[in-house]
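Q: Provided below are the primary sequence and the corresponding predicted coordinates.
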Amino acid sequence: MNENRARELLLAERAEVTGLLRDTESAAAIDLDRDGPGDFGDAAQPLEAEAEDQTVADQLRERLTAIDRALGRIEAGTYGKSLLSGQPIPDERLEADPAAELTIEEAREQRSP
């Protein structure tokens, strides 16, 4: 994949993920600041919502980290190559996930027990 195209995709996704993270953190803060159970039938519901917000925020932070690593690989001239094997990652995979660090086969192997 062309480095300019990769950078464009990564920066667009980074902006989107940053906005989602900001929104999620705001929702988590609202869940924390809520006084009393409100109109919840279950007093644990605000705690569950806060935990869900935190899980989503953690996933978004992980994605930002992956995007930043990919941007670093562009700068280092190693973008588009597997971190495991050094083999090229197909353009179709990079279009679908511009922060991909492994080929599809390697990613499948990593997930298999």
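A: The structure has been received and is ready for your questions.
Q: hey, where'd the strands end up in this structure?
A: Taking DSSP state E, the chain contains no strands at all.
Q: all helices in it, in order from the N-terminus.
A: For the chain, the helices defined by DSSP state H cover 3-33, 45-76, 91-96, 104-111.
Q: Out of those, which gets nearest to residue 85?
A: When the helices of the chain are compared by CB to CB, helix 104-111 sits nearest residue 85, at 6.6 Å. The way it works is simple: take the backbone N, C-alpha and C, and place the C-beta from them, glycine included.
Q: And the contacts of that closest one?
A: Residues from elsewhere that reach helix 104-111, judged by CB atoms under 8 Å, 6 or more residues apart in numbering: 82, 84-85, 90, 93, 100, 102.
Q: I'd say residue 73 and residue 79 touch.
A: Yes - at 4.2 Å, residue 73 counts as touching residue 79 under the criterion of CB atoms under 8 Å.
Q: how about a markdown table for the helices of the chain, with mean neighbour count and mean pLDDT added?
A: Shown next, in a markdown table, are the helices of the chain (neighbours: other CB atoms under 10 Å; pLDDT from 0 to 100):
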| stretch | mean neighbour count | mean pLDDT |
| --- | --- | --- |
| helix 3-33 | 15 | 90 |
| helix 45-76 | 15 | 89 |
| helix 91-96 | 14 | 97 |
| helix 104-111 | 12 | 94 |
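Q: before we move on, the earlier item: taking the contacts of helix 104-111 together, which two end up most distant?
A: The most widely separated members of the contacts of helix 104-111, counting by CB to CB, are 84 and 90 (14.9 Å).
Q: Tell me what residue 88 is bridged to.
A: Judged by DSSP bridges, the bridge partners of residue 88 are residue 81.
Q: Residue 67: what's it in contact with?
A: Contacts of residue 67 by CB under 8 Å, 6+ apart are 10, 13-14, 17, 98-99.
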